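# Got a predicted structure here, sequence first:
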Amino acid sequence: MKLIMENWKKFVNEKLPDDFSQNKVVPVVDFLNSPEGQDPKVRAILGSGDEDGIPNDEVIEVIPDAKPLVGNLAPTQNEISLMKSIGWPLSTLGSVSNALTGDITGRGMKIVVAGNLVIDGHHRWSSTWATAGAEAPINAVDIQLPGKGPLNKLAVAQVAIAATMDADAGAVPKATTGGDPEDEASSDNILGKDAQTIKKMIIDRIGQSTEAGTLLGPEYLEKIVDVPAAQKLWGVKPGMSPEKTMMQIVNVVSNNLSSLPPPQGPVRDYMPQFDGGETHAGQVSLGQVVDKMKSGEVNYKAAYTGAKQHKDQS
């Protein structure tokens with residue numbers, strides 16, 4: 001037993017960095033998704049920061065009810081989908097009004113930020129900017145993630161998610177924008193594109209079905225002119241023709257989206273998904289991860305050897 005424990009401690013010391021917040025997100029995620037990183041014993045250690053013999057050294061402060069302006073935030077992922085940015089506000093009347101409240105979904109949702117960086121919820125952020133411009137507020141949870149730069153902060157967020165999920169959950173959650181970001185013909189990514197390019201992209205998609213409905217469909221164009229928020233934000237007016245209404249909206253939204261700041265992070269596959277993303281829906285939630293961070297249980301830096309051990313360890 002003594003030899004087993006000594007070998008285990010040696011493995012931990014060799015495989016886990018002294019401080020995940022000094023490492024960048026891509027190699028950290030690659031490790032977490034490796035056989036060693038998916039080992040339930042490693043995952044149990046990552047969730048045992050409160051038992052590592054150094055009390056409170058890994059407590060991460062959280063501001064639960066932040067409300068920054070979208071224009072004061074910068075994205076950390078390098079892809080933003082056009083359809084995920086405009087699908088709701090250009091298909092449903094209520095989303096336009098909701099954009100002024102800080103929650104474009106109308107479902108009490110918040111994005112995750114770390115200071116001026118968007119960590120999770122990029123498409124709610126871009127949808128709000130598309131609809132209401134840079135001065136619109138957005139409801140957020142502001143997590144004071146450790147690390148000097150965006151890639152370091154994202155690494156800690158991924159460790160926190162892995163530490164919160166069941167120890168046998170496997171790879172960390174992920175999501176994609178859709179389309180190949182290297183293929184201009186198929187890519188839906190709008191970051192770095194000018195207003196004219198985005199305008200053409202929107203026009204090419206008019207009439208397409210979205211999760212919310214038909215993009216700029218006839219019924220929507222007929223009714224949106226009577227929505228006060230749309231009148232305020234987009235300059236539409238009662239009695240305006242559908243064709244003129246459509247172009248007025250497209251012009252404003254494409255100009256708004258062209259002013260999104262450049263990204264400071266990796267492709268979306270490496271971005272934190274606090275609610276499980278497309279691969280682990282229902283297996284983790286933002287609230288659970290936040291509680292884990294606030295408690296100091298996210299073991300993102302040494303010492304690791306004092307951590308509680310997984311129940312299956314011999």
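Sure, I can see it.
# Which secondary structure state does the closest residue to Leu73 other than its chain neighbours sit in?
Using Cβ to Cβ, 6 or more residues apart in numbering and skipping the chain neighbours, the partner closest in space to Leu73 is Val118 (5.2 Å). (Each C-beta comes from the backbone N, C-alpha and C, glycine too.) Classification of Val118 using DSSP: H, G, I helix; E, B strand; the rest coil returns strand.
# residues contacting Val118?
Leu73, Ala74, Pro75, Thr76, Ile111, Val112, Trp125 (Cβ atoms under 8 Å, 6 or more residues apart in numbering).
# rerun at 10 Å
Val118 makes contact with 68, 70, 73-77, 80, 111-112, 124-126, 138, 140, 150, 261, 263-265, 271, according to Cβ atoms under 10 Å, 6 or more residues apart in numbering.
# Repeat that for Gly49.
So Gly49 contacts 55-60, 159-160, 163, 292-293, 295-301, 303-304, 307 (Cβ under 10 Å, 6+ apart).
# do that again at 8 Å, thanks
Counting by Cβ under 8 Å, 6+ apart, Gly49 has contacts Asp57, Glu58, Ala163, Gly296, Glu297, Val298, Asn299, Tyr300, Ala307.
# ok, residues contacting stretch 233-244?
96, 99-100, 131-133, 218, 221-222, 224-226, 230-231, 245, 248-249, 252-253.
# How about stretch 17-34?
Here stretch 17-34 makes contact (Cβ under 8 Å, 6+ apart) with 15, 37-38, 145-148, 151-156, 158-159, 162, 171-172, 265-266, 270, 300-302.
# in that stretch, what counts as buried?
Of all the residues in stretch 17-34, those buried under the rule 16 or more other Cβ atoms under 10 Å are Pro17, Phe20, Ser21, Asn23, Lys24, Val25, Val26, Val28, Val29, Phe31, Leu32, Asn33.
# what's the spacing between the first one and Arg268?
I take that to be Pro17. 24 Å (Cβ to Cβ, to the nearest Å).
# Burial check on Asp120, number of neighbours?
Per other Cβ atoms under 10 Å, the neighbour tally for Asp120 reads 28.
# Surely it and Gln273 touch.
Yes - the pair Asp120 and Gln273 passes the contact test of Cβ atoms under 8 Å, sitting 6.7 Å apart.
# re earlier: please identify which two of the buried residues of stretch 17-34 are farthest apart in space.
The span of the buried residues of stretch 17-34, defined through Cβ to Cβ, is set by Ser21 and Asn33 at 19.1 Å.
# if we can go back for a sec, and the contacts of Val118, which of them are buried?
Neighbour-count burial (16+ other Cβ under 10 Å) applied to the contacts of Val118 gives 68, 70, 73-77, 80, 111-112, 124-126, 138, 140, 150, 263-265, 271.
# Out of those, list just those in helices.
Among the buried ones among the contacts of Val118, the ones falling in helices (DSSP state H) are Arg124, Trp125, Ser126, Pro150.
# and which of those residues is nearest to Ala212?
Using Cβ to Cβ, those come closest to Ala212 at Arg124, 13.2 Å.
# Which residue ranges of the stretch 101-250 of the chain form strands?
Secondary structure of the stretch 101-250 of the chain, counting by DSSP state E, counting those that start in this stretch: strands at 111-114, 117-120, 140-143.
# Tell me which of these sits nearest to Gly282.
strand 117-120 (16.4 Å).
# All set, thanks.
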